[in-house]
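J.: sharing a model prediction with you, sequence too.
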Amino acid sequence: MSFEHASVTKGLIVYCALSSIVVGIFDLKHYFHLQFVPHISRHHQYWRLMTHHLAFSNSSDLFLAELILYNVGVKIERQFGSLKFASFAFVSLLVTTLLEFISLILFHRVGLNHISMGPSALVFSILYQYSRIVPSGYAYKIFGVPLSNKSTNYLLALQLAIGRLPGSAMVAILGILTGQIYRSDLAGLNTYRLPPLVVRFSTRFLSPLIGSLRPPRRSNRALPDEFRSTGQGTETAQHNEEVVTTARSPRPSGATSRTREATNQGPAPSVMREWVDELTGRADRANAGLRIPAESEITHLTSMFPTIEREVVVGALQRR
């Protein structure tokens, strides 16, 4: 999985790592620590309500949050779009800050005096969207306990929630509550978008800092196993190999298409020859197992692999 169409998630991952490392190296954690007593009640340092979101206090919390953001945030940003996802992150931090302040006022006498450092509440808010939007890919059981491919992310989040009790558990609860408030369309929070000035500034100055978002390069041709293992001749391999497209192919330009037609390159001429051989009966004599694929088979494979040309699908079914 890559960060394609997930620039905000990649920016969050890079920022959390750099800010936490810098805060630890220069011994600045005391500026990001938040306690109701004495920071809020006695010294009235309300700015700590915002600064405690900026960095994690230890490497274990940072590692767990980075894993969750990579596994979950990329999928949610691709569903939302980068602009809506960035707006969602901003709104979630504001709502979480307000809820944390109210929770400290109400529960500081029963032991909730400390709130964990870092944007853990935002991580749990994103995780709530993940639980509601992204379906499970497969299910399995371990000792009779039903699990799915999403269970690993939930176990990572559980470790983050119980890391520094009771503050970490309260952050997890408030993050999930924030995600539910955003999804319930309360006060129109999910319709808010960042101002165009902020978007232009981020696109111009911040996007180049996070690096490339291109997907990893993949080969668009796969050879059968016998050619890789036995190393047969080049001419035999080129004659018998089956083209399997595994990467996105750019649209050919007009000049490229005319060149291909003029030079008779590509899979189309071979398919035409196979059709002519079938009509004349030569295919039955040359290839005993060659058959005409049904239209339902062609339609089924074309719907499964929309990037593969119809001629390649027909050729693959004929050589099956």
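T.: Ah, there it is.
J.: confidence score at Leu223?
T.: The per-residue pLDDT reported for Leu223 equals 53.
J.: actually His114, sorry about that
T.: Model confidence at His114, given as pLDDT, is 86.
J.: go on, Glu295?
T.: The predicted local confidence for Glu295 is 82.
J.: separation between it and Leu301?
T.: 11 Å (C-beta to C-beta, to the nearest Å). Every residue, glycine included, has its C-beta placed from N, CA and C.
J.: who's more crowded, these two?
T.: Neighbour totals were compared for Glu295 and Leu301, and Leu301 leads with 17 against 8 (other C-beta atoms under 10 Å).
J.: so what does the host helix or strand of the more buried one touch, helix or strand wise?
T.: Using DSSP states H and E, Leu301 sits in helix 295-304. Judged by 3 or more C-beta pairs under 8 Å, 6 or more residues apart in numbering; DSSP states H and E, helix 295-304 is in contact with helix 310-318.
J.: tell me where the stretch 1-150 of the chain has helices.
T.: Secondary structure of the stretch 1-150 of the chain (DSSP state H, counting those that start in this stretch): helices at 7-25, 48-51, 59-68, 74-80, 82-107, 120-133.
J.: make TSV from those helices and add distance to Gln35 to it.
T.: Output for the helices of the stretch 1-150 of the chain, formatted as TSV (distance: least, C-beta to C-beta, whole Å):
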stretch	distance to Gln35
helix 7-25	17
helix 48-51	8
helix 59-68	17
helix 74-80	32
helix 82-107	8
helix 120-133	16
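J.: so of the ones you listed, which one's packed in deepest?
T.: For the helices of the stretch 1-150 of the chain, the largest average neighbour count (mean count of other C-beta atoms under 10 Å) is found in helix 120-133, namely a mean of 23.
J.: and the angle for it with helix 59-68?
T.: 30 degrees (axes from the mean of the first three to the mean of the last three C-alpha atoms, to 10 degrees).
J.: what's helix 120-133 in contact with?
T.: 53, 56, 61, 65, 68-69, 72-73, 75-76, 79, 88-89, 92-93, 96, 100, 150, 153-154, 157, 160-161, 168, 171-172, 174-176, 178-180, 182-183 (C-beta atoms under 8 Å, 6 or more residues apart in numbering).
J.: please redo it, this time with the cut-off set to 6 Å
T.: Applying C-beta atoms under 6 Å, 6 or more residues apart in numbering, the external contacts of helix 120-133 come out as 65, 68, 72-73, 76, 79, 89, 92-93, 96, 157, 171-172, 174-176, 178-179.
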